[in-house]
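In: make a model of this:
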Amino acid sequence: MADKRDYYEVLGVDKNADEATLKKAYRQLAKKYHPDVNPGDKEAEAKFKEATEAYSILSDPDKRRQYDQFGHAAFENGGGGGAGGFGGFDFSGSDMGDIFGDIFGDLFGGGGSRRRANNGPMKGANLRARVNITFEDAVFGCDKELEITLKDECTTCHGTGAKAGTSPVTCPKCNGEGQIVYTQQSMFGMVRNVQVCPDCHGSGKIIKDKCPDCRGTGYISNRKKIKVSIPAGIDNGQSIRIRDKGEPGTNGGPRGDLLVEVNVGRHPIFQRQDMNIYSTAPITYAQAALGGEVKLNTVDGEMLYEVKPGTQTDTRIRLKGKGVPSLRNKNVRGDHYVTLVVQVPTNLNEEAKEALRKFDEACGNRPAGGTSDGSEKSEKKKKSFMDKLKETFEE
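Out: From the prediction side, this is the model:
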């Protein structure tokens, strides 16, 4: 017993933890290390046993008092053991059956005993839709109209699903509980597995004579147009929640919500990253060398920007506050970063070529006399070299 870890440490709770906290901590550990989830994992099995032992003691008020006073020594020499125990401990005094029923329900698809009865009020399922918008719509926001199928309460049966003059009856299989409790043998003893009733599907009611208009569903499907307000700054893949536009609730529960996913189209010039926009802009060789005003495209329209003389290609400039608005505050915007690319002229006439030669000479990049002079010097060098070869062989 001396090698055992403190039970509170095993469960990861404080020594003043209440019953609900203990139960929650144990459920998390049991689901994580359950042998059925980790088949063949001896370490996980050991941790599961350790957590189960800790919870079996701390969940029992009398055993917990003994443990708090004497520690593990309180259960030595059979102090807490029993033939029906697990790892030397007797679980008969705790709610382990309910716990294992909850866990087995979660693992194998059934509902746990901790859950409320399925025939209580339940919120309806959420519906999903998608809307396509442009890059500018995402930046500044817009209104879109969607046409979707919504279920409304049947006006004939008023949502009961039963034919006029009749009423739903209590499900005989689950006695109106909406759940079926199965008891099964496992390696831990007898455990309960709670599942939704297959006959009434959790409603607790059976409709013998169905309404001819809704065929027993209690609802009529209609195509409806819904206005969707898309906020400024929304990004691709984000969703907008429209309350109470989903599936109807059951047994008086509220409707679900409509989740509209936004698909933002690509822009031919702009790219977005978070709240910033990126683009490139061409400038002429003369504009780069001499500087001056150039027109730049932004989401707000064209604007003039003063380029500095001697601007190099791939220079990035920042247009502050020309980016995407924040979803929380549309008055707060990111920035727009523009990369300037110097365009090299390709189709030059002779006049333009001559002007560039003179410009190159003025910059000191070309020797005086131009290309023809250089060719003559090159030719002289070639003749001089050939003459020397001839002279060598003639000798």
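In: any weak-confidence spans in the stretch 101-250 of the chain?
Out: 101-120, 184-190 (pLDDT under 70).
In: need the strands for it, in chain order.
Out: 127-133, 142-153, 169-170, 179-186, 189-196, 205-206, 219-230, 239-242 (DSSP state E, counting those that start in this stretch).
In: can you list the strands that the last one pairs with?
Out: Based on DSSP bridges, the pairing partners of strand 239-242 within the sheet are strand 258-264 (antiparallel).
In: list the residues that contact the closest residue in space to Pro168 that isn't next to it in sequence.
Out: Spatial nearest neighbour of Pro168, chain neighbours left out: Lys205 (3.8 Å); criterion: C-beta to C-beta, 6 or more residues apart in numbering. Quick note: C-beta positions are derived from backbone N, CA and C, even for glycine. Counting by C-beta atoms under 8 Å, 6 or more residues apart in numbering, Lys205 makes contact with 119, 168-171, 176.
In: where do the domain boundaries of the protein fall?
Out: 7-94, 127-264, 271-343, 350-394 (automatic domain parsing).
In: thinking again about what came up before, between the contacts of Lys205, which sits nearest Arg243?
Out: Nearest to Arg243 among these is Asn119, at 24.9 Å by C-beta to C-beta.
In: which of the contacts of Lys205 sit farthest apart?
Out: Asn119 and Val169, at 13.1 Å, using C-beta to C-beta across the contacts of Lys205.
In: out of those two, which sits in the busier spot?
Out: More neighbours surround Asn119 than the other of Asn119 and Val169, with 22 against 14 (other C-beta atoms under 10 Å).
In: just send the strands of the stretch 101-250 of the chain back as TSV, with distance to Lys163 too.
Out: Below are these laid out as TSV (distance: least, C-beta to C-beta, whole Å):
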stretch	distance to Lys163
strand 127-133	28
strand 142-153	16
strand 169-170	13
strand 179-186	27
strand 189-196	25
strand 205-206	13
strand 219-230	15
strand 239-242	34
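In: which one of those lies nearest to Ile57?
Out: strand 189-196 (17.3 Å).
In: in CSV, could you pull the C-alpha coordinates for the closest one?
Out: Taking Å, rounded to 0.1, in the frame of the first residue of the first chain, the C-alpha atoms of strand 189-196 are listed here in CSV:
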residue,chain,number,x,y,z
GLY,A,189,-19.5,-7.3,-13.3
MET,A,190,-23.0,-6.4,-14.3
VAL,A,191,-23.3,-3.0,-15.9
ARG,A,192,-26.2,-1.0,-17.3
ASN,A,193,-26.4,0.2,-20.9
VAL,A,194,-29.0,2.8,-21.6
GLN,A,195,-30.2,3.3,-25.2
VAL,A,196,-32.9,5.2,-27.1
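In: may I see the buried residues of it?
Out: Within strand 189-196, the residues that count as buried by 16 or more other C-beta atoms under 10 Å are 191-196.
In: out of these, which is nearest to Thr149?
Out: Using C-beta to C-beta, the buried residues of strand 189-196 come closest to Thr149 at Val196, 25.6 Å.
In: over to Thr311: give its phi and psi.
Out: phi -70, psi 130 (degrees, to the nearest 10).
In: just to check, it is in contact with Ala286?
Out: No - checked against C-beta atoms under 8 Å, the pair Thr311 and Ala286 is beyond contact range at 11.2 Å.
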